[in-house]
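Visitor: This is the structure alone, sequence omitted:
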C-alpha cells in the first residue's frame, strides 16, 4: 500500500520572518501550534509521499518531517525576499514561497522544471518566459513500480496581476481605471496559469519519452481542472486523428485525475457487489430491495469535497494526477486507487484551540494498492 498527499501549508514561515507584509509574523506560540497541527496530521494519516506548497521556511519544514519519519526531503528553489526601499523589509519579508517534497522512499534525483523556450515562443510568449513558482520533479524509488517521476506544482493564483495596493477611488475616472486594470489583470493571471499547465505537461511528456518512468503530478492548481485554463492536463487523444495506434501511444503519455480513477473503481465494485448480493438474495429468498439498498449505500462515494472556500463557496483547487501505471483498467498497471480522502475538518468544522493555525486548504490524500 502506498499513500500520496498534496498539502498547501498556507504561509509556512518561521518567526521572526514575515510573508508579504509585517502583519504576517507568527508569534512563537502560534508557530509552535502550526507545527503541532502539521505533525498531528502526518502522525494520523501517515502519507508516504507529500507534495508541499507555500513553503517559506524549507529548513524548518525539513527538520519537522525528518522527526516525523521522512528521511528524504528536497526543494529546488529558494523563497524570495520582497524588494523594498526599507532595509528591514529586504531582510525579513518574503514574497515568493517554494514547493517541496518529503518521502519515506529514496529520492534518486530532483530538479526544477523549466519551460521549453521554443514552445513558449511558438504559443506567443516571451523567450524569457518562466513559471511563477518553479515546479519540482523528484524521481523516487517506489515499491512494486520502481523509479517514478513525482511533480509538485503551485500554479499562478487567480489574483489579478494588475491590481493596485491602495487605489484612489474618489472619482469615477479612478474607479473605472481600477476596474479596467482588474479586468485585464484577471485575464493575465489566467493566461499565466494556463501557460504554466501546458508547458509543465509538455515537459512531463518529454521527460517520459526519455525515462519511461511513471508520472505523478500533485499540487495546488488554483483553478478547477475542468476549466479551459487547465483542461490541457487531461488531454488523452490526438484531435482530428483516426489512427488507433497513434491514439494508444498518446494515452500512455497522458494523465488522469485520481478522483475519476477512484470513482470509476468504486462504480465497478458497486456493480459487482450488487450482482453478488442479487445472487445471494435469489438463493436465500431474502428481501432484495432492502439488502441491495444497504449495499449500495455502503459503497456510495457522493460528490467531490471542496478543498478551498471563499466565503461560503467551495471549490476544488488541489489535485493528484496519475499516469496509466496507476489506472486499474490499464492491462499493465502496477497500482490501483483504493481510497481518496479529503482532510477538511479544519475548514468545515473548525475549533479554535485545534485549528487556528492550520491552513486554508484541505489536504488531499490517495491510497494505492499494488496489483498482483
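Guide: That came in fine, so what should we check first? Predicted model only: the values in this text are computed from it and were never measured. Numbering: from 1, shown residues only.

Visitor: Quick check: residue 115 vs residue 127, distance?
Guide: 10 Å (C-beta to C-beta, to the nearest Å). In this view, the C-beta of every residue, glycine as well, is placed from N, C-alpha and C.

Visitor: Compare the two (neighbour count), which wins?
Guide: residue 115 (21 against 8; other C-beta atoms under 10 Å).

Visitor: shouldn't that one be in contact with residue 197?
Guide: No. Counting by C-beta atoms under 8 Å, residue 115 stays clear of residue 197, with 11.3 Å between them.

Visitor: Determine the number of other residues adjacent to the residue nearest to residue 343 when sequence neighbours are not counted.
Guide: The shortest distance from residue 343 to any non-neighbouring residue, by C-beta to C-beta, 6 or more residues apart in numbering, is to residue 363 (4.1 Å). Using other C-beta under 10 Å, residue 363 is surrounded by 25 other residues.

Visitor: cool, and residue 371?
Guide: Neighbour tally, residue 371, other C-beta under 10 Å: 14.

Visitor: Quick one: residues in contact with stretch 183-195.
Guide: Contacts with stretch 183-195, where a contact means C-beta atoms under 8 Å, 6 or more residues apart in numbering, come from 120, 123, 125, 129, 132, 155-163, 221-223, 228-230, 232.

Visitor: And that stretch, how far out from the chain middle?
Guide: 20 Å (C-alpha atoms, centre = their mean, to the nearest Å).

Visitor: and it, which residues are buried?
Guide: 185-186, 189-190, 192-195 (16 or more other C-beta atoms under 10 Å).

Visitor: Now do the helices in this protein.
Guide: 28-45, 58-67, 87-92, 117-122, 172-211, 244-252, 258-284, 288-299, 345-348, 352-355 (DSSP state H).

Visitor: what's the least confident stretch among these?
Guide: Of all the helices of the chain, helix 288-299 carries the lowest average pLDDT, namely a mean of 32.

Visitor: Report how many residues lie close to residue 309.
Guide: Other residues close to residue 309 by other C-beta under 10 Å number 15.

Visitor: Leaving out the residues flanking it, which one is nearest to it?
Guide: residue 347 (5.9 Å).

Visitor: Looking at the protein, which strand is longest?
Guide: strand 2-12 (DSSP state E).

Visitor: Tell me what angle it forms with helix 28-45.
Guide: Orientation of strand 2-12 against helix 28-45 (axes from the mean of the first three to the mean of the last three C-alpha atoms, to 10 degrees) gives an angle of 170 degrees.

Visitor: Give me the distance from strand 2-12 to the chain's centre.
Guide: 8 Å.

Visitor: Just to check, residue 328 is in contact with residue 371?
Guide: Yes. Counting by C-beta under 8 Å, residue 328 does reach residue 371; the two are 6.7 Å apart.

Visitor: what do those two both touch?
Guide: Joint contacts of residue 328 and residue 371 (C-beta under 8 Å, 6+ apart) are residue 336.

Visitor: ok so, going back, out of the contacts of stretch 183-195, which are buried?
Guide: 120, 125, 129, 132, 155-157, 160-161, 221-223, 229-230.

Visitor: re earlier: for the longest strand of the chain, packing partners?
Guide: helix 28-45, strand 49-55, helix 58-67, strand 215-220, strand 318-322, strand 363-370 (3 or more C-beta pairs under 8 Å, 6 or more residues apart in numbering; DSSP states H and E).

Visitor: which residues sit against the longest one?
Guide: Same thing as helix 28-45. 3, 5, 7, 9, 12, 14-15, 26, 50, 64-65, 67-70, 341, 343, 346, 354-358, 363, 365.
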